[in-house]
Structures are given as C-alpha cells and as structure tokens.
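Undergrad: coords please:
(one chain, ligands or ions: 1)
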Amino acid sequence: MDQVKLYDTTLRDGMGGYGMSLSVGEKVKVVQALDALGVHFIEAGFPSSNPKEAELFERLAGLELRNSTIVAFGMTRRGGVAAAEDPALGTLVGSVAPVVCLVGKSWRLHVEKVIRVPEAENLAMIRDSVAFCRGGGKRVIFDAEHFFDGYRDDADFALACVRAAAEGGAENVTLCDTNGGSLPAFVGAATAAVLADLGGTVEVGIHTHNDAECAVANSLAAVEAGARLVQGCVNGYGERCGNANLASIVPALQLKMGFEALGPEQLESLAPTSHYLDELCNMTPDPDRPYVGRNAFAHKAGMHAAGVAADPSTFEHVDPAAVGNSREILASELSGKATIRSQAELAGLEVDDEAAARAVERLKEREHAGYHYEAAPASFELLLRRETGVYEPLFELEGFRVITEMREDGRVVTDATVKVFVDGERYVEEAEGNGPVNALDKALRAAIGSRYPHLADIELTNYKVRILDETHGTGAITRVLLDSTDGQEEWGTIGVSENIIEASWEALVDSLEYAFQPR
Ligand SMILES: [Zn+2]
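TA: This next block holds a predicted model:
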C-alpha cells in the first residue's frame with residue numbers, strides 16, 4: 001500500500017484563521033494531540049527570538065513524540081543577500097526542528113511585482129536557501145507558493161522554481177494553491193506535469209486553500225496524480241476560507257483510495273481528536289463537518305433509520321466507527337454502555353450493567369444541555385463516579401455570594417463569600433479577587449483549606465469561556481472549561497449554565513474534587 005504523509009500546519013498557517021489564538025501551553029497540547037493521531041509532520045512556525053516562539057520551541061525540544069517530526073517554517077533568502085548572511089535562515093538552521101520548510105516564489109507575477117528580483121535571482125534564492133539548510137544538517141521541504149497560479153501563467157518558470165529546490169537538495173517540493181482558487185482537474189494535471197518534469201527524483205507534496213471550496217478535492221486530485229505528502233490543518237483552520245481539512249482528506253485517502261496515511265486505530269481517533277482541537281482553539285465544532293461532525297452519521301427516524309438498521313451501507317458512505325464517529329439515532333444503548341465501560345476502566349472504576357445504563361442516560365442529558373467532555377475528562381470521571389457510588393464530595397454547599405462593585409475612581413472590586421459544611425462542621429469565608437472566579441476560588445480554598453492541605457498544590461492554569469447559543473446574546477448558555485494541575489498531572493473540567501458564575505463554580509468545584517477522589 002502506498003503511503004501518503006500528513007503535514008499539519010495548524011500552528012502556522014492555521015493561526016491566520018479568524019479568532020484563532022493559542023497560548024504556548026495550548027500549542028504544546030495541539031502538538032501532542034497531532035502526534036497521538038499519527039500526523040507525520042507538525043509545522044510549529046518560525047523559531048524567532050520573540051519570547052512566545054522561543055518558549056514554544058524550547059518546550060517542543062523537551063517533548064518526546066511518538067509519530068511526528070517538528071518542522072520549522074521560514075522563507076528563502078532575501079534577494080541580493082548570500083544565504084549564509086541571511087539571519088532568518090541562520091535562525092532556521094539553529095532551531096531544534098530536524099526539518100525545515102522553506103517557502104519561495106514560483107509565480108512570475110510575484111517575482112516581478114512583490115519581491116522585484118530578476119527571474120534568475122529568484123531561482124538562485126530557492127536553490128541557495130535549500131542548499132544552505134541542507135548544509136546545516138536539516139531535511140528540507142520546499143513550499144512553492146502560488147505554484148498553480150504560476151503554472152497557469154508561465155509553466156516553464158514555475159517548473160524551473162521547483163527544479164531549483166530539487167537541485168538545492170530538498171527532499172520534497174510541495175505545490176501550493178495559495179490563493180485557493182484552482183479546480184481539481186487543473187491541480188491534478190499540473191501535479192502530474194511536475195512529477196514528469198522531476199522524473200521521480202524528489203517527492204511531491206500538495207498544499208491547498210479552500211477559497212473555491214475545493215481544497216480537499218484538490219488535495220485528493222494531486223495525490224491521485226502522484227503527490228505523496230498532504231499539507232493542511234485538521235479541521236481546516238486558516239485565513240479566509242481556511243486550509244485543506246486533513247480530517248476529510250485522511251479518511252478519503254485511507255478508506256476510499258487505498259492509501260495508508262494513519263494506522264487503522266489512529267484513524268478511529270480522528271473524530272475525538274478533531275473535537276478536542278476545536279476545544280483547544282475555542283471553536284464550536286461544526287456539527288455538519290464530513291466524517292467527524294456530530295451530524296455526519298445522524299439519520300432521520302423513519303425510512304433512513306430503518307434502512308441503516310437493515311444494512312448501514314444503504315445510507316452511509318463509510319462506517320462511522322472507522323473514523324471514531326457514531327451513528328446518531330441508532331447509537332444503541334449497548335454501544336453507549338460499552339463506551340462508558342471502557343472509560344470507567346481507564347479511571348479504574350468498576351461499572352455494572354445498571355450503573356452503565358444510568359451513566360449513558362446521564363451523559364445524554366448532559367450533552368443535550370451543552371456539556372462536552374472531550375476537553376473535560378476529569379468532569380466525565382466525576383460523572384461516572386457519581387453513578388457508581390465511588391464519589392466523595394469535598395464539602396456540602398450552604399451557599400455562595402459574589403459582589404462585584406465599581407467604585408467612583410473606576411476601580412472594580414470583587415468579593416466572594418462561601419458557606420460550606422465539611423463533616424458537619426460549618427465554614428464561612430470571604431475573599432477578595434481580581435474577578436468573580438478568582439474571588440470564589442480564594443474564598444472556597446480559605447473555607448476548606450485547613451481540612452485539605454493538598455489544595456495548596458492545585459493551581460488553575462487555564463480558564464476558557466464559550467457562549468453556546470450565540471443568537472441569544474447575553475441570554476445564552478455559557479460553557480466554562482478549566483484546566484488545573486498539581487504539578488504532576490493536569491486535568492480539565494467543565495461547567496455549563498445560563499449564569500457564567502454558576503458555570504465557573506461548577507468547573508471549579510469539579511477541578512478541586514477530582515484531585516481528592518479515592519484512587
Ligand atoms: Zn497556506
């Protein structure tokens with residue numbers, strides 16, 4: 001079986017997407033999720049000296065990845081400057097990433113009007129930069145920017161650019177549809193022309209954007225024509241209409257075209273990984289997304305459901321389980337229970353049939369109410385514990401109160417009071433914080449801290465809020481995701497409510513209770 005390698009660019013190209021913003025810690029989580037999925041290359045961005053990038057590359061250097069290779073991204077040298085004199089290339093060669101992706105021009109229009117150098121100099125810029133990185137011990141992928149527009153305009157020049165990269169020692173030349181407007185038949189033909197021109201000396205890759213809604217189709221057409229590396233983003237994040245969506249490309253390659261991209265088990269984790277990445281990026285998972293969306297295998301009751309019950313292939317193009325998704329209405333109680341069972345096992349809990357059935361019901365209710373446990377496994381474990389009777393509450397709540405006050409001088413002050421019982425003893429504490437969640441956290445810790453000294457080791461590391469039904473504005477439901485750590489383990493919890501403080505409180509209590517469950 002032929003292999004197609006996957007190259008995820010969420011942390012570089014994907015960050016151009018509307019509303020995309022990730023902390024260094026979140027970027028590391030993206031890398032870990034993509035590694036677990038089995039993506040071959042992960043583009044981390046340009047390893048510049050700005051503190052955020054420097055910290056990212058430093059943390060990546062310390063990660064042990066099972067499947068993925070980190071790629072540093074940069075540009076070919078500037079015109080008229082020797083590669084060795086170009087500081088950006090020096091930074092790339094000095095980075096911890098074993099692979100460098102260099103982007104360079106391949107459209108005459110850009111060479112004339114944007115970088116304004118003679119054509120021969122553009123070719124030299126590509127050749128020299130690739131050779132310089134090779135000389136510095138890096139493997140090199142060359143991204144031929146605007147290749148398809150360039151090929152349409154002047155095929156000979158576009159091919160010469162790609163050849164220059166091959167001559168410089170690139171192991172792969174990736175053809176980019178940077179403006180995203182090309183159509184599949186043309187992409188396939190141009191890719192075939194490049195392969196014929198290079199004569200099999202260098203691997204060819206494809207990088208497409210979705211401006212004509214053909215990014216996935218164009219990627220598949222290029223693979224059909226012989227490309228063996230696909231660049232894109234799981235979930236198709238990216239500027240304008242996004243990059244090619246790897247979550248749609250991979251199952252097509254694997255289940256329909258006979259290529260190997262991920263292992264079969266890794267393919268089964270595609271849907272959960274897609275949802276998890278959306279959670280990290282604070283995006284609402286698109287329910288209509290092919291393969292991985294909630295509705296991708298949801299059948300209307302009636303004839304469709306009956307057909308699927310008789311034989312799934314009547315109304316399903318692939319087996320939902322193959323991509324880690326499930327059939328919506330026919331999600332039988334049995335499969336639900338089986339999932340619950342395996343989750344419980346992971347947490348070391350024993351679940352009998354009845355408890356599993358209750359947990360399935362509870363889960364359904366909660367998901368309907370807006371809970372989403374992919375990024376909050378600690379809250380999910382607490383749910384299972386409550387249904388199996390191995391749950392120990394930290395305290396009994398009598399009540400809490402939060403007052404946020406704006407003073408005349410413009411200062412905003414928040415006070416929280418928490419009243420709780422632990423083993424029948426009443427504790428009342430008040431605390432001031434920089435906001436309601438912070439004040440509640442402090443007051444709660446003050447109230448029960450003497451009973452649970454280990455609380456002092458637990459730190460909240462991330463607080464994320466999403467409005468679930470955006471059409472209702474401030475009347476909408478709020479989902480809060482919290483990440484916490486005790487310095488060794490890290491866990492995520494969730495709270496959902498119409499009231500942001502209540503949702504925060506719920507996630508906060510889960511985050512503390514999780515740490516104290518008997519194990
Ligand atoms: Zn791009």
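
Undergrad: residue 465: what's its closest spatial neighbour, skipping adjacent residues?
TA: residue 480 (5.5 Å; CB to CB, 6 or more residues apart in numbering). Backbone N, C-alpha and C define where each C-beta goes, glycine included.

Undergrad: pull up the pairing partners for the helix or strand containing the one you found, direction included.
TA: Using DSSP states H and E, the element containing residue 480 is strand 478-485. In the sheet containing strand 478-485, its partner strands are strand 459-467 (antiparallel), strand 490-497 (antiparallel), by DSSP bridges.

Undergrad: take those strands and write them to JSON lines, including distance to residue 447.
TA: Formatted as JSON lines, the strands paired with strand 478-485 follow (distance: least, CB to CB, whole Å):
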{"stretch": "strand 459-467", "distance to residue 447": "17"}
{"stretch": "strand 490-497", "distance to residue 447": "19"}
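
Undergrad: what's the least confident stretch among those strands?
TA: Ranked by mean pLDDT, the strands paired with strand 478-485 end with strand 459-467 at the bottom, a mean of 90.

Undergrad: need the residues that contact that one.
TA: Strand 459-467 is contacted by residues 23, 25-26, 282, 284, 437, 441, 476-487, 490, 500, 503-504, 508, 511 when judged by CB atoms under 8 Å, 6 or more residues apart in numbering.

Undergrad: distance from it to the middle of the chain?
TA: 17 Å (CA atoms, centre = their mean, to the nearest Å).

Undergrad: buried sites along it?
TA: Neighbour-count burial for strand 459-467, counted by 16 or more other CB atoms under 10 Å, picks out 460, 462, 463, 464, 466, 467.

Undergrad: okay, now the residue nearest to residue 465: neighbour count?
TA: The tally of other residues near residue 480 (other CB atoms under 10 Å) stands at 24.

Undergrad: likewise residue 17?
TA: For residue 17, using other CB under 10 Å, the count is 21.

Undergrad: in space, what's closest to it - neighbours in sequence excluded?
TA: Nearest residue to residue 17, sequence neighbours excluded (CB to CB, 6+ apart): residue 237, at 4.4 Å.

Undergrad: correct me, but that neighbour touches residue 8?
TA: No - applying CB atoms under 8 Å, one finds residue 237 not in contact with residue 8, separated by 9.8 Å.

Undergrad: circling back: which residues does the strand holding residue 480 contact?
TA: Against strand 478-485 from outside (CB under 8 Å, 6+ apart): 279, 370-372, 375-376, 378, 458-468, 490-500, 503-504, 506-508, 510-512, 514-515.

Undergrad: can you check stretch 147-160 too?
TA: Applying CB under 8 Å, 6+ apart, the set of residues contacting stretch 147-160 from outside is 105-110, 119, 123, 144, 161-162, 175-179, 181-182, 186-187, 190, 193-194, 197.

Undergrad: so in terms of bridging, what pairs with residue 43?
TA: According to DSSP bridges, beta-bridge pairing links residue 43 with residue 71.

Undergrad: what's near enough to touch it?
TA: By CB under 8 Å, 6+ apart, the residues touching residue 43 are 7, 8, 9, 11, 12, 13, 71, 72, 73, 101, 231.

Undergrad: so how far is residue 311 from the third one?
TA: I take that to be residue 9. 39 Å (CB to CB, to the nearest Å).

Undergrad: quick one, which of these two is more surrounded?
TA: residue 9 (27 against 9).

Undergrad: ramachandran angles for the more buried one?
TA: Backbone torsions of residue 9, given as degrees, to the nearest 10, read phi -120, psi 20.

Undergrad: likewise the one 10 residues further on?
TA: Note on residue 19: backbone dihedrals following degrees, to the nearest 10 are phi 80, psi 10.

Undergrad: in what helix or strand does the residue nearest the centre of the chain lie?
TA: In the chain, the residue lying closest to the centroid (CA atoms, centre = their mean) is residue 277, at 2.9 Å. For residue 277, the element it lies in under DSSP H and E is helix 270-280.

Undergrad: picking that back up, run a quick neighbour tally on the residue nearest to residue 17.
TA: Neighbour count of residue 237, defined by other CB under 10 Å: 26.

Undergrad: from residue 438, how far out is it?
TA: To residue 438, residue 237 is 31 Å away according to CB to CB.

Undergrad: ok, now residue 291?
TA: Residue 291 is 40 Å from residue 438, where distance means CB to CB.

Undergrad: which one of the two has more residues nearby?
TA: Between residue 291 and residue 438, counting by other CB under 10 Å, residue 291 is the more crowded of the two (25 against 17).

Undergrad: and residue 412, what are its bridge partners?
TA: With DSSP bridges as the rule, residue 412 is bridged to residue 406.

Undergrad: contacting residues around it?
TA: Taking CB under 8 Å, 6+ apart, one finds 404, 405, 406 in contact with residue 412.

Undergrad: thought residue 394 was touching residue 447?
TA: No - applying CB under 8 Å, one finds residue 394 not in contact with residue 447, separated by 10.2 Å.

Undergrad: ok, those two, which is more surrounded?
TA: More neighbours surround residue 447 than the other of residue 394 and residue 447, with 23 against 19 (other CB under 10 Å).

Undergrad: for the more buried one, give me the pLDDT.
TA: Residue 447 carries a pLDDT score of 96 in this model.

Undergrad: list the contacts of it.
TA: Contacts of residue 447 by CB under 8 Å, 6+ apart are 395, 418, 419, 420, 427, 428, 429.

Undergrad: take the residues you listed and keep only those in strands.
TA: Using DSSP state E, the subset of these located in strands is 418, 419, 420, 427, 428, 429.

Undergrad: and those, which are buried?
TA: Buried subset of the ones in strands among the contacts of residue 447 (neighbour count, 16+ other CB under 10 Å): 418, 419, 420, 427, 429.

Undergrad: spatially nearest residue to the third one (excluding sequence neighbours)?
TA: The spatial neighbour of residue 420 that comes closest, neighbours along the chain excluded (CB to CB, 6+ apart), is residue 395 at 4.1 Å.

Undergrad: which helix or strand contains residue 343?
TA: Residue 343 belongs to helix 333-346 when assigned by DSSP H and E.
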